[in-house]
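Engineer: the following comprises the amino acid sequence and a computationally predicted model.
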Amino acid sequence: MIVECLIFLSSFVPVNGITIGELEHIRYCKEITPDRAGVHFELIQEFFEPENQETAVKIAWCESRFFEYKVRTAEGNYDTGLFQFIRRTWNWVADEYNLPRWNEWVVLRYGQPYEGPTSKSSHGFSFVQVQKSAYYNTLFASLLAEDIYSRTRWDDWSSSQWCWEDTEKFIKRVYNEEKRY
């Protein structure tokens, strides 16, 4: 239901105006989807299997409210990024898949890894610590959840399970936090 709404909202193009039914569907979808989910939903679609995308959306909202630079310092772990990785887990996944380790700096162009020729323009380029990149944080989350254990597991986000496990309660939480004006 959440994924279907995100797909609808990101692809909706009115032709010859908007019908009352379309307006009602837009309103319904905006009520049940986190406001910032659309910003990174394309990455979730790219990296997660379709049956796991809704859980990934819920976890990213519960962990970081979809802020890729979010750092949580409780317990001294420095949980970082959309899916709130800690250094030890990040480096384990990085080593397994030959990907950049924690605190490595990466060049991105429009949010995607860039290894092309140097450019005289800085337009669209960023230089960030890898764990704070929405691209890599989502990639690592998909590898951790869907691949590294040879089956899908969400155990690494069990501390926020109270927030994402039940879809109806999740939607109410999002509504109460983001939608009530």
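Structural biologist: Happy to help now that I have it. Residues are numbered from 1 along each chain as shown.
Engineer: walking through the chain, point out its helices one by one.
Structural biologist: For the chain, the helices defined by DSSP state H cover 2-11, 20-32, 37-47, 53-64, 87-97, 134-146, 161-164, 167-174.
Engineer: average pLDDT for the third one?
Structural biologist: Computed over helix 37-47, the mean pLDDT rounds to 94.
Engineer: dump the helices of the chain to a markdown table, plus mean neighbour count and distance to Glu115.
Structural biologist: In short, each C-beta sits where N, CA and C put it, glycine included. A markdown table is the format used below for these (neighbours: other CB atoms under 10 Å; distance: least, CB to CB, whole Å):
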| stretch | mean neighbour count | distance to Glu115 |
| --- | --- | --- |
| helix 2-11 | 16 | 28 |
| helix 20-32 | 13 | 37 |
| helix 37-47 | 19 | 18 |
| helix 53-64 | 24 | 26 |
| helix 87-97 | 16 | 17 |
| helix 134-146 | 23 | 13 |
| helix 161-164 | 16 | 34 |
| helix 167-174 | 16 | 37 |
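Engineer: pLDDT weak spots in the protein?
Structural biologist: 180-181 (pLDDT under 70).
Engineer: any chance of TSV for the helices of the chain, columns distance to Tyr78?
Structural biologist: Formatted as TSV, these follow (distance: least, CB to CB, whole Å):
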stretch	distance to Tyr78
helix 2-11	29
helix 20-32	32
helix 37-47	21
helix 53-64	13
helix 87-97	7
helix 134-146	13
helix 161-164	20
helix 167-174	25
